[in-house]
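S.K.: my questions concern the predicted model and sequence given below.
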Amino acid sequence: MGYIYLAVAIACELLGTTFLKYSEGFTKLLPSLISITAYGICFFFFSKSMQDINLSVAYATWSALGLVITTFISFAVFKEGITPAGIAGLILIVAGVIILNLLGTPAKS
């Protein structure tokens, strides 16, 4: 169940981050409200995920997936670019999270 909660947290974080961009520095009401609400839901489900997943694994997974998908959103939706070095950095981050998930922490008891 922890990974389901984590997936919901990541989805809400992505929604919140996307609408944070649309809020234009919290000057637009509806995107600002969506962003704040999404982040609140995100943190609730993230806290629930840690009942079953180690903090280090949950946070690394949340951060890495959020970063990779947010980068894709910024590229596809907002037409922002990324350099080859940026892509290499994302690959290294994902590799680190995979290693952490597979080998980096003992199972939560």
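M.R.: Here it is on my side, so go on.

S.K.: what's near enough to touch Thr70?
M.R.: When contacts are counted by CB atoms under 8 Å, 6 or more residues apart in numbering, Thr70 touches Leu14, Thr17, Thr18. (Each C-beta comes from the backbone N, C-alpha and C, glycine too.)

S.K.: in strands only, show me these.
M.R.: Among the contacts of Thr70, none falls in strands (DSSP state E).

S.K.: and the gap between the residue nearest in space to the middle of the chain and Asn101?
M.R.: The geometric centre of the chain, computed from its C-alpha atoms, lies nearest to Gly66 (CA atoms, centre = their mean), at 2.5 Å. Going from Gly66 to Asn101 by CB to CB, to the nearest Å gives 15 Å.

S.K.: swap in Gly25?
M.R.: Counting by CB to CB, the gap from Gly25 to Asn101 is 35 Å.

S.K.: comparing these two, which residue is more hemmed in?
M.R.: Taking other CB atoms under 10 Å, Gly25 and Asn101 do not tie; Asn101 has more neighbours (17 against 8).

S.K.: need the pLDDT of Phe72.
M.R.: Looking at Phe72, its pLDDT reads 95.

S.K.: list the contacts of Leu20.
M.R.: Residues in contact with Leu20 (CB under 8 Å, 6+ apart) are Pro31, Ser35.
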